[in-house]
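Student: the amino acid sequence is not available; the structure is as follows:
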C-alpha cells in the first residue's frame, strides 16, 4: 500500500523538532496522533525510524537514511502543488489552439489578445490549417481547442462542438463593378461573372454552399490576400465569409449575398469529447464566445 504523503511531513517535522510533542504542536495534531503516524511509517518500512528517549526522540540510522528522501518527496510535492495552483488560477500552464484561415483573420487574433491581457503567464501555441486538419490534431491530443467551420448540412464528427456563430457570405467586387453599389445580391445576377476560388472542385470551396449554382472559375487562389488582389485587378469576383470581411482591402467592395442563395456557415469551437476542460480552455472559450458576438451577422 502506498504511504500517504502527509506521513512524510510528520516524519520531517518530528526529525526537525526532535520531539513528538513539539511536532504535534507545530502541525496542530495531538501527540498521540503524531505517534500513531510515525508508527505507521515504521511499520510500512519495517524499520524503527526514531529512538524514543526520556526527553524527546532521535533519528535511528534507518531514519537518517530516509530523511533526505522524505525531504525530496516534500520538495516535489511543493512544486506539484504550486504548478497545480498555477493551472487553477491561470498563473501558468499551457493552451494549444488551432483555427482555419478566416478564423485567423478576426476571431482568433482578438480572442488571443484579450486572453494574453488577462492571463499573460499561460503559454499559448497556435497551429494553422483547415478544419479537417484541426480536428485530426484535436483527436490526437495535440490541441486543446480548435476553431472549425462547416457549411450547412455537413457534420463535424469525433469532438464536442461549442457553437460560436453562423457566418453570412459576401461577394467581393472591384470598386468599379456595375453591382458595387448594391446592398444585397442574388447569385443569378452573377451568373456571367468569372469567379476566383480556391479549387476547381466547388464542393471544396465556399461555393459548395450555393445549391444549384455553378460558378465559372478561371483563376484559382487559396490565399485570401491573393483572392482580393485578383478581384481588385478586375479579374473576377469571389465569396468572402463574415470573419474575413474586416480584412478586406480598400479597393474592393463587399456586398451581402442573399441568404437564400448561400446558407450561413456554422463556426464552432471544438474540444475533445468526454475530457474535462482545463481552466485555460474554459477561459479561452468564454472569450471566443464574446468576440464571436461582435462579428457582423
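Tutor: Structure's in. What do you need? If you're wondering where the values come from, they're calculated on a predicted model, not measured in any experiment.

Student: from residue 242, how far out is the nearest residue to residue 246 once chain neighbours are set aside?
Tutor: Excluding its sequence neighbours, the residue lying closest to residue 246 (CB to CB, 6 or more residues apart in numbering) is residue 106, at 5.1 Å. Every C-beta, even on glycine, is put in place using the N, C-alpha and C of the backbone. Applying CB to CB, to the nearest Å, the value for residue 106 to residue 242 is 8 Å.

Student: which residues do those two both contact?
Tutor: residue 295 (CB atoms under 8 Å, 6 or more residues apart in numbering).

Student: which strand or helix spans residue 173?
Tutor: Residue 173 is part of strand 169-174, with elements assigned from DSSP states H and E.

Student: buried set for stretch 72-89?
Tutor: 73, 87 (16 or more other CB atoms under 10 Å).

Student: just how off-centre is it within its chain?
Tutor: Its chain's C-alpha centre and that of stretch 72-89 lie 23 Å apart, by CA atoms, centre = their mean, to the nearest Å.

Student: quick one: contacts of that stretch?
Tutor: Counting by CB under 8 Å, 6+ apart, 5, 8-9, 12, 91-93, 121, 278-280 sit against stretch 72-89.

Student: between those, which is closest to residue 228?
Tutor: residue 280 (34.4 Å; CB to CB).

Student: that closest one and residue 180: what is the separation?
Tutor: Residue 280 is 44 Å from residue 180, where distance means CB to CB.

Student: which of those two has more neighbours?
Tutor: residue 280 (23 against 14; other CB atoms under 10 Å).

Student: sec struct for that one, please.
Tutor: helix (DSSP: H, G, I helix; E, B strand; the rest coil).

Student: in this structure residue 174 contacts residue 232, no?
Tutor: Yes: counting by CB atoms under 8 Å, residue 232 is a contact partner of residue 174 at 6.2 Å.

Student: can you give me the strands in the stretch 101-250 of the chain?
Tutor: Secondary structure of the stretch 101-250 of the chain by DSSP state E, counting those that start in this stretch: the strands cover 123-128, 145-150, 160-167, 169-174, 184-185, 194-197, 216-220, 238-241.

Student: CSV for these, including mean pLDDT and distance to residue 49?
Tutor: Output for those, formatted as CSV (pLDDT from 0 to 100; distance: least, CB to CB, whole Å):
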stretch, mean pLDDT, distance to residue 49
strand 123-128, 94, 42
strand 145-150, 91, 49
strand 160-167, 92, 50
strand 169-174, 93, 74
strand 184-185, 94, 83
strand 194-197, 88, 76
strand 216-220, 73, 76
strand 238-241, 89, 69
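
Student: low-confidence stretches in the stretch 51-200 of the chain?
Tutor: For the stretch 51-200 of the chain, applying pLDDT under 70 flags the ranges 151-155, 199-200.

Student: and the gap between the nearest residue to residue 243 once chain neighbours are set aside and residue 245?
Tutor: Nearest residue to residue 243 in three dimensions, chain neighbours excluded: residue 102, at 4.2 Å (CB to CB, 6+ apart). Noted for residue 102: a distance of 9 Å to residue 245, by CB to CB.

Student: more neighbours: these two, which one.
Tutor: residue 102 (23 against 20).

Student: quick revisit: okay, the strands of the stretch 101-250 of the chain in a markdown table with mean neighbour count and distance to residue 268 next?
Tutor: Shown next, in a markdown table, are the strands of the stretch 101-250 of the chain (neighbours: other CB atoms under 10 Å; distance: least, CB to CB, whole Å):
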| stretch | mean neighbour count | distance to residue 268 |
| --- | --- | --- |
| strand 123-128 | 14 | 17 |
| strand 145-150 | 24 | 6 |
| strand 160-167 | 18 | 4 |
| strand 169-174 | 24 | 17 |
| strand 184-185 | 14 | 27 |
| strand 194-197 | 21 | 24 |
| strand 216-220 | 15 | 28 |
| strand 238-241 | 26 | 14 |
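
Student: can you lay out these as JSON lines showing distance to residue 56?
Tutor: Output for the strands of the stretch 101-250 of the chain, formatted as JSON lines (distance: least, CB to CB, whole Å):
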{"stretch": "strand 123-128", "distance to residue 56": "48"}
{"stretch": "strand 145-150", "distance to residue 56": "56"}
{"stretch": "strand 160-167", "distance to residue 56": "58"}
{"stretch": "strand 169-174", "distance to residue 56": "81"}
{"stretch": "strand 184-185", "distance to residue 56": "89"}
{"stretch": "strand 194-197", "distance to residue 56": "85"}
{"stretch": "strand 216-220", "distance to residue 56": "85"}
{"stretch": "strand 238-241", "distance to residue 56": "76"}
